[in-house]
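A.B. asks: Coordinates for the following, if possible.
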Amino acid sequence: MTPHAAHAPNVEYACLVALGDDRVGQVHQVTSFLLAEKVSIASIRAAALGSEFALLAHFHGTAGQVRQVEAAVPRLQSSSSLSVLFHKSKEAVPAFEEHTPTHDVFVAAYDAAGIVSELAAVLAKHNVNIERLGGDVYPAPNQGVPLFTINASVRLPAGTSETAVAADLEALRERRGWADADLAPHGRYDSSALAGAPSFPPGPPWTRQASE
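C.D. replies: Numbers count the residues shown, from 1 in each chain. All right, here's what the predicted structure looks like:
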């Protein structure tokens, strides 16, 4: 497709979700399947989650091409041993600027149930959209106990107070006894790992000692 084809009126959009045991070559299997069906990938995320592999691809093509992808999903499942879900997009892809992160969030806490959910609740309260998120468990330095860390890129809508969001994150950190729950302008630290698992240990300023 040409660079402007995604904005043509006859173009349709869909998502493909794939999940299965982690092994080499799965990204190639899914992307070559989409290429063979002549659709274009607009965005893609893939990650190893424990022993599992997960991939989400958002793509576009003509109505006939998108229907053909849906019809061919059983073939992809059979050839790849992945569980595959097709989802038809209801709207066109928003303008890129609408999904540009404005801030990054870092959380570090001793591993416990509910960390991601509680973080998401604070962000949702302020209508903050999570654009990318990665989280994993690591042994805490010099202690060996499980430490769960989250790196997220988010977008604060116009009129939302950065101070108010940061204050609620700090209140959550104090209430739950987390090591960190920080908000900073996007780009202050390396977020290249956000497509998968976050890097660890976090570098400055993403430690409470460095920020105080």
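
A.B. asks: Which residue ranges of this structure form helices?
C.D. replies: Using DSSP state H, the helices found in the chain span residues 26-36, 63-80, 115-125, 162-176, 208-211.

A.B. asks: so can I have JSON lines of those helices showing mean neighbour count?
C.D. replies: Glycine gets a C-beta too; all of them are placed from N, C-alpha and C. Shown next, in JSON lines, are the helices of the chain (neighbours: other C-beta atoms under 10 Å):
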{"stretch": "helix 26-36", "mean neighbour count": "16"}
{"stretch": "helix 63-80", "mean neighbour count": "15"}
{"stretch": "helix 115-125", "mean neighbour count": "16"}
{"stretch": "helix 162-176", "mean neighbour count": "15"}
{"stretch": "helix 208-211", "mean neighbour count": "11"}
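
A.B. asks: can you list those in TSV and add distance to S153 and mean pLDDT?
C.D. replies: Below are the helices of the chain laid out as TSV (distance: least, C-beta to C-beta, whole Å; pLDDT from 0 to 100):
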stretch	distance to S153	mean pLDDT
helix 26-36	21	95
helix 63-80	28	96
helix 115-125	12	96
helix 162-176	14	97
helix 208-211	19	42
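
A.B. asks: could you dump the ones you listed to JSON lines with distance to P146?
C.D. replies: Listed next are the helices of the chain as JSON lines, based on distance: least, C-beta to C-beta, whole Å:
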{"stretch": "helix 26-36", "distance to P146": "27"}
{"stretch": "helix 63-80", "distance to P146": "32"}
{"stretch": "helix 115-125", "distance to P146": "11"}
{"stretch": "helix 162-176", "distance to P146": "15"}
{"stretch": "helix 208-211", "distance to P146": "19"}
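
A.B. asks: dump the residue contacts of E118.
C.D. replies: Residues in contact with E118, defined by C-beta atoms under 8 Å, 6 or more residues apart in numbering, are L172, R176.

A.B. asks: ah, wrong one, I meant W178
C.D. replies: By C-beta under 8 Å, 6+ apart, the residues touching W178 are V107, A108, A109, Y110, I115, L172.

A.B. asks: Kindly provide the distance from the third one to I115.
C.D. replies: Remark: distance between A109 and I115 (C-beta to C-beta, to the nearest Å) = 5 Å.

A.B. asks: Number of residues surrounding the residue lying closest to V107 once chain neighbours are set aside?
C.D. replies: Spatial nearest neighbour of V107, excluding adjacent residues (C-beta to C-beta, 6 or more residues apart in numbering): I150 at 4.2 Å. For I150, the tally of surrounding residues (other C-beta atoms under 10 Å) stands at 20.

A.B. asks: Distance check, I150 against F106.
C.D. replies: I150 sits at a distance of 7 Å from F106 (criterion: C-beta to C-beta).

A.B. asks: how does the chain divide into domains?
C.D. replies: Domains of the chain are assigned by automatic domain parsing as 5-88, 99-211.

A.B. asks: And those, which one averages the lowest pLDDT?
C.D. replies: Among the domains of the chain, domain 99-211 has the lowest mean pLDDT, at a mean of 82.

A.B. asks: Name the nearest residue to E52, ignoring sequence neighbours.
C.D. replies: Of all residues not flanking E52 in the chain, D22 sits nearest, at 5.9 Å (C-beta to C-beta, 6+ apart).
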